[in-house]
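Colleague: here is my input, please return the structure:
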Amino acid sequence: MAVPPDLLERIAGLSEAREGVRQAVERVMAAQQPDSDPITKIEALSLLDGATERWLEQSQQVETELLELARNDEPEPDANISTATDSVERLWGISLIHLAVSADLAKISSIDSLENEDDPVSVAGPPPAVQQPSAIAAIVDDGPAGAQIGGALATPAHEADEADDLAVDAPELTPPAEEVLRELVHRASECTCKVLVGTLPIPSAHVIFDNVTPLLKAALGATPDAISTAAEKIARTVTRLAILVLGRVRAVVDAVIPGTFDFVKEQLIEASQDHGAEHILTPVVRPVVARLLDEQGCAVVISQKRWDRRKGAPEPDNKAAFRKILKHNKRWVSRPVPFAASTVLRPLWHLSWSGVPAAPIAACLLLAWTIFLTGDELDIEGWPFPNFYRPGLLTLA
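Modeller: A predicted model of the protein is given here:
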């Protein structure tokens with residue numbers, strides 16, 4: 001059983017509140033241009049407050065129900081997809097939109113500097129990110145130039161799987177378990193690299209770990225309570241709204257996988273710096289991600305199962321299930337995370353709380369979900385992989 005149809009309908013209905021935020025941001029952004037239709041700071045804040053509060057209120061109702069479904073999940077041997085899998089993946093999809101909302105709000109945070117509420121927002125000058133496309137639009141866009149989260153959230157899982165089979169880039173053959181393992185670890189390492197490189201305000205092909213790790217370690221200390229407290233202390237500003245939305249993602253991560261930030265800090269960030277080379281490159285990061293996802297241990301399990309079958313155990317036909325794992329990973333990890341790294345992180349350098357820039361906080365959230373979802377699809381046992389995705393690769397191999 002997947003997410004119930006009535007809840008799926010309400011998830012799809014979030015698009016109206018989401019578009020309300022995007023349109024409010026675009027209205028304020030347009031008003032910051034010279035010779036534009038003017039609006040004052042107080043008018044802009046009222047517009048943004050209303051749109052953001054509607055988005056947070058409606059999305060929280062859905063998130064609460066999805067979390068409840070994930071926690072109360074029971075075995076469903078004949079289901080096309082488990083309720084827990086479907087619920088957690090959609091929680092992540094909503095979180096990606098939260099990150100995009102935060103990024104788009106951050107683009108217009110310069111109006112916070114206006115001293116008088118009656119000042120036209122054009123006095124703050126054009127936003128520095130005016131030429132950048134909407135992060136919300138990029139994340140939800142269902143075309144090849146988008147992360148396609150909008151369609152993934154609104155479509156039943158089995159229909160999305162069927163659509164992926166018809167896509168122009170659908171693989172012709174399903175590889176054996178060993179190849180699926182290597183592909184999932186490769187995708188996770190690619191996503192990790194893109195997030196680490198995107199963490200810096202000025203992208204570069206030669207990012208070094210020493211420039212990134214201090215920022216990420218500081219961001220990993222940003223607990224949900226600390227983020228909420230910081231937002232409460234900030235006066236009515238765009239910065240406050242962006243931090244509130246960002247805090248929602250942190251709270252959901254902790255609700256789904258408690259302690260994941262500690263895991264990311266100790267096993268990924270510090271290990272990448274200590275055991276890698278100087279620069280952030282895929283060949284450097286991949287061994288760290290492979291160890292984190294226990295690629296070697298997974299390969300041993302797959303090999304042992306194959307050996308057991310040679311002694312008389314039947315050969316299972318799991319090609320369709322392997323294919324489904326790759327499709328779900330692409331839909332929720334390997335396609336949207338690079339989009340988020342390139343569209344969300346840079347605008348979030350325009351705001352911070354308690355001296356910690358928001359961009360590294362968002363980067364840590366992307367890293368946490370990348371590792372968690374991939375590990376769950378692999379069927380790794382033990383914390384922080386709580387076995388939502390069933391059956392995973394090792395069970396099927």
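Colleague: which residues of this structure fall in strands?
Modeller: 352-353, 356-357 (DSSP state E).
Colleague: residue 264: which of these is closest?
Modeller: strand 356-357 (15.6 Å; C-beta to C-beta). All C-beta spots, glycine's among them, are computed from the backbone N, C-alpha and C.
Colleague: which strands and helices sit next to that closest one?
Modeller: Under the contact criterion of 3 or more C-beta pairs under 8 Å, 6 or more residues apart in numbering; DSSP states H and E, strand 356-357 touches helix 209-220.
Colleague: any idea of the mean pLDDT for the helix it packs on?
Modeller: Helix 209-220 carries an average pLDDT of 65.
Colleague: any idea how far the closest residue to residue 163 other than its chain neighbours is from residue 90?
Modeller: Distance criterion C-beta to C-beta, 6 or more residues apart in numbering; nearest residue to residue 163, sequence neighbours excluded, is residue 155 at 7.2 Å. Per C-beta to C-beta, to the nearest Å, residue 155 is found 10 Å from residue 90.
Colleague: between the two, who's got more neighbours?
Modeller: Ranked by neighbour count (other C-beta atoms under 10 Å), residue 155 and residue 90 place residue 90 first, with 26 against 18.
Colleague: if I look at that one, how far off is residue 122?
Modeller: Taking C-beta to C-beta, one finds residue 90 at 39 Å from residue 122.
Colleague: do the same with residue 285
Modeller: 44 Å.
Colleague: looking at the two, which one has more neighbours?
Modeller: residue 285 (27 against 19).
Colleague: from residue 188, how far out is the more buried one?
Modeller: Noted for residue 285: a distance of 9 Å to residue 188, by C-beta to C-beta.
Colleague: one more: residue 195?
Modeller: Residue 195 is 11 Å from residue 188, by C-beta to C-beta.
Colleague: who's in contact with residue 22?
Modeller: Neighbour list for residue 22: 104, 134, 136, 137 [criterion: C-beta atoms under 8 Å, 6 or more residues apart in numbering].
Colleague: so residue 142 touches residue 150, yeah?
Modeller: Yes: at 5.6 Å, residue 142 counts as touching residue 150 under the criterion of C-beta atoms under 8 Å.
Colleague: where do the helices sit along the stretch 201-350 of the chain?
Modeller: Counting by DSSP state H, counting those that start in this stretch, one finds helices in the stretch 201-350 of the chain at the ranges 209-220, 224-233, 238-256, 260-263, 270-275, 282-292, 295-310, 319-329, 336-343.
Colleague: of those, which is nearest residue 182?
Modeller: For the helices of the stretch 201-350 of the chain, the distance to residue 182 is smallest for helix 295-310, at 7.6 Å, taking C-beta to C-beta.
Colleague: from the chain's centre, how far out does that closest one sit?
Modeller: Relative to the chain's own centre, helix 295-310 is displaced by 31 Å; criterion: C-alpha atoms, centre = their mean, to the nearest Å.
Colleague: list the helices and strands it packs on?
Modeller: Helices and strands touching helix 295-310, by 3+ C-beta pairs under 8 Å, 6+ apart, are helix 177-198, helix 393-396.
Colleague: among these, which is nearest residue 83?
Modeller: helix 393-396 (17.3 Å).
Colleague: low-confidence ranges in the stretch 101-250 of the chain?
Modeller: For the stretch 101-250 of the chain, the stretches with pLDDT under 70 are 128-131, 166-174, 202-235.
Colleague: now do the longest helix that the chain contains against helix 238-256, angle only.
Modeller: In the chain, taking DSSP state H as the definition, the longest helix is helix 41-71. On the basis of axes from the mean of the first three to the mean of the last three C-alpha atoms, to 10 degrees, helix 41-71 is oriented at 0 degrees to helix 238-256.
Colleague: what average pLDDT does helix 41-71 get?
Modeller: Across helix 41-71, pLDDT averages out at 95.
Colleague: quick check: buried residues in that helix?
Modeller: 41, 43-45, 47-48, 51-52, 54-56, 58-59, 62-63, 65-67, 69-70 (16 or more other C-beta atoms under 10 Å).
Colleague: mind giving me the packing neighbours of it?
Modeller: helix 5-31, helix 83-107, helix 238-256.
Colleague: leaving aside the residues next to it on the chain, what's closest to residue 238?
Modeller: residue 109 (4.6 Å).
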